[in-house]
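**Student:** From the sequence below, what's the structure:
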Amino acid sequence: MLSLFQTRLRIHAAILGLFTLLALLLSWPLPLYLTTRVPGIAQWAFDESTFLWNAWYLKHALVDTLSNPLHTELIYYPLGIDLILYTYNFFHALMAQPLLLAVNLPFASNIALLLSTILSGYGAFLLTRYLLEKDWQFVGSGGPISGPLFSPSFLPALIAGLLYAFASNRAVYAALGHYDMVTTQWIPFYALMLLRSLDLQLSSRQRRKAAVMAGLFFAFNGLAEMITALFLAIFTLIVVLCWLVGNRAHDVDNVERRGRATTGAPSHAQSVPFITSFRHSFLALFTALFLIGLVAFALWGPVLIPILRQFITADFSLKEWGEAIPLSTDLWGWVTPTPLHPLWGANLVAALREIKLRALIPDGAEMAVGLRISIRFFWAGAV
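**Tutor:** Numbering: from 1, shown residues only. This next block holds a predicted model:
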C-alpha cells in the first residue's frame, strides 16, 4: 500500500506530466525540430539568435577562454563591448549548458524554453492552491494546509496554472524570440515562498526555509530578466505593507478578545501582550526579509554589482518613453488573437506598421478622443 507521501508524489508527477504534454502540443511543430530550429520570426529583430549566442558565449568565456562573460571582443573588435546591461538571460544560458555539451545549441535552448513553460504552470498551481487553502482555512471551512491534494482548491489551482503557463503573452514572446520574457517560471515560486516566509502559522524553521528559497527564486528571476526582479521588489514592498496592516489588526483583535474573556472588557494591561505579539511579528518579518536579501544578493551579486555601477556612472539611458508605447497592449488585446495566431492571425508587417503609426499620435490625443466619446455617450443617455 502506498504511503501518503508516495501518493502525493505521484499526483504531483502527473500534474507535471500534464503540463509537459500540453507544452509539447501547444508548441507544435517545435517538438519535430528540437535539434535544428528555434522559435522566432524574421519580421522582428532576430532576438532568438542573440539568446542562442548568449548560451554559446557563456561557455566560450567561462570554459574555453577563461575570460569575463560580461565583456566580449568578438563585437566591435578590437575595442569590444560590455554585456552588463545586455539582455543576457543568464538563467536560460546556464540551464542550457549541460545539454549544449551533450547534444547541440538549438536542442539546449528549446528544452530550457519548454521547461520554463512547464514550471510556470506548476508554480502557478502551487501558489494558487496555497492561497485558496489559506483563505478557506481562515474562514473555518477548509482543512489544514497539509491536507489532501484533491481538496476543493485543486481544480481552480490547476486552471490557474494552465492560464498562466499557456497565456497568449508568453506564446507571443516565444514566437518573437524574446526568451527572457518567457522565463516566467520563478515568479510564482518566489511569490509562494515569500508568503510562506511571512506565514506565522508555520514554525520559525519552516519560515526560514521558505525565506531562503524565496531569495533563491528572486535571484533566478534577476538572472533571467532585470525587469522581472524590479517588479518583484515592488511586489515584495506591497506584500510587506499589507502584511503589516493585516497582522496589526489581527493582533489588536486577539488582545481585545483575550481581554474581554478575562476581565469582561479590554484593559490597559492588555497592551503588554500586544507589544510582545508585535515584537514577535516584527522579528519574523525582519528575519524573512534579511534571509531573502542575503541569499538573493549572494547569487545575483556578481551580476548586480556591475549593473548598479553602470547605472551610476554611465550616461546612455534611452530618453523619454522609448519603445514602451509601441510595445504596450490594450484591453482589447487581452481577449483577441494576435497577428501571429495560426488560425485567426493577420499580416504581421502591416500590424507592426499600424502600431508605429498609432504611437506617433500626439500625447493626450487618444485620451481626448476617448473622453469626447464618453461624454457624448453619457449625454445621449441623460437626454
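
**Student:** Okay, helices next: where are they in the stretch 151-300 of the chain?
**Tutor:** 154-165, 168-176, 179-182, 186-197, 204-224, 226-263, 271-313 (DSSP state H, counting those that start in this stretch).

**Student:** Using a markdown table, please lay out these together with mean pLDDT.
**Tutor:** Listed next are the helices of the stretch 151-300 of the chain as a markdown table, based on pLDDT from 0 to 100:
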| stretch | mean pLDDT |
| --- | --- |
| helix 154-165 | 90 |
| helix 168-176 | 82 |
| helix 179-182 | 85 |
| helix 186-197 | 94 |
| helix 204-224 | 93 |
| helix 226-263 | 74 |
| helix 271-313 | 81 |
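
**Student:** okay, those helices in a markdown table with mean neighbour count and distance to T36 next?
**Tutor:** Where you see a C-beta, it was placed from the backbone N, CA and C, and this is true even at glycine. Shown next, in a markdown table, are those (neighbours: other C-beta atoms under 10 Å; distance: least, C-beta to C-beta, whole Å):
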| stretch | mean neighbour count | distance to T36 |
| --- | --- | --- |
| helix 154-165 | 18 | 25 |
| helix 168-176 | 19 | 17 |
| helix 179-182 | 25 | 17 |
| helix 186-197 | 24 | 29 |
| helix 204-224 | 22 | 25 |
| helix 226-263 | 14 | 30 |
| helix 271-313 | 15 | 31 |
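
**Student:** export those helices to TSV and tack on distance to N104?
**Tutor:** Formatted as TSV, these follow (distance: least, C-beta to C-beta, whole Å):
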stretch	distance to N104
helix 154-165	26
helix 168-176	20
helix 179-182	17
helix 186-197	26
helix 204-224	22
helix 226-263	28
helix 271-313	26
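
**Student:** closest one to H60 among those helices?
**Tutor:** helix 271-313 (17.7 Å; C-beta to C-beta).

**Student:** That closest one: how far from the chain's middle?
**Tutor:** Relative to the centre of its chain, helix 271-313 is centred 19 Å away, using C-alpha atoms, centre = their mean, to the nearest Å.

**Student:** what helices or strands is that helix leaning on?
**Tutor:** Under the contact criterion of 3 or more C-beta pairs under 8 Å, 6 or more residues apart in numbering; DSSP states H and E, helix 271-313 touches helix 186-197, helix 204-224, helix 226-263.

**Student:** so what does the shortest one touch, helix or strand wise?
**Tutor:** In this structure, helix 186-197 makes packing contacts with helix 105-138, helix 204-224, helix 226-263, helix 271-313, judged by 3+ C-beta pairs under 8 Å, 6+ apart.

**Student:** Columns distance to Y190 on top of these, output as JSON lines?
**Tutor:** Below are the helices and strands packed on helix 186-197 laid out as JSON lines (distance: least, C-beta to C-beta, whole Å):
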{"stretch": "helix 105-138", "distance to Y190": "9"}
{"stretch": "helix 204-224", "distance to Y190": "4"}
{"stretch": "helix 226-263", "distance to Y190": "6"}
{"stretch": "helix 271-313", "distance to Y190": "9"}
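
**Student:** List the contacts of the nearest residue to L26 once chain neighbours are set aside.
**Tutor:** Closest residue in space to L26, ignoring its immediate chain neighbours: F166 at 5.8 Å, by C-beta to C-beta, 6 or more residues apart in numbering. With contacts taken as C-beta atoms under 8 Å, 6 or more residues apart in numbering, F166 has the following neighbours: L22, L26, T117, G121.

**Student:** Write the PyMOL selection for whichever of these are buried.
**Tutor:** The buried residues among those can be selected in PyMOL (16 or more other C-beta atoms under 10 Å) with this line:
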select buried, resi 22+117+121
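
**Student:** From the contacts of F166, which one has the minimum pLDDT?
**Tutor:** Lowest-confidence member of the contacts of F166: L26, scoring 88 (pLDDT).

**Student:** quick one, phi/psi of it?
**Tutor:** Dihedral angles phi and psi of L26 (degrees, to the nearest 10) take the values phi -80, psi -10.

**Student:** Distance of the residue nearest to L26 relative to A233?
**Tutor:** Here the criterion is C-beta to C-beta, to the nearest Å. By it, F166 lies 27 Å from A233.

**Student:** and if you look at N110?
**Tutor:** Taking C-beta to C-beta, one finds N110 at 31 Å from A233.

**Student:** And L176, by the same measure?
**Tutor:** From L176 to A233 the distance is 26 Å (C-beta to C-beta).

**Student:** returning to that earlier point: closest one to S49 among the helices of the stretch 151-300 of the chain?
**Tutor:** Closest approach to S49 among the helices of the stretch 151-300 of the chain (C-beta to C-beta): helix 179-182, 10.8 Å.

**Student:** list the helices and strands the closest one packs on?
**Tutor:** helix 47-59, helix 105-138, helix 168-176.

**Student:** The same query, at a cut-off of 6 Å, please.
**Tutor:** Helix 179-182 is packed against helix 168-176, with contacts defined by 3 or more C-beta pairs under 6 Å, 6 or more residues apart in numbering; DSSP states H and E.

**Student:** With just CA atoms, put stretch 208-218 into CSV.
**Tutor:** Output of stretch 208-218 as CSV, limited to C-alpha atoms (Å, rounded to 0.1, in the frame of the first residue of the first chain):
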residue,chain,number,x,y,z
ARG,A,208,13.3,30.4,7.5
LYS,A,209,13.5,27.7,4.9
ALA,A,210,10.8,29.5,2.8
ALA,A,211,12.8,32.7,3.1
VAL,A,212,16.0,31.0,1.8
MET,A,213,14.0,29.6,-1.1
ALA,A,214,12.4,33.0,-1.8
GLY,A,215,15.9,34.5,-2.1
LEU,A,216,16.9,31.7,-4.4
PHE,A,217,13.9,32.3,-6.7
PHE,A,218,14.4,36.1,-6.6
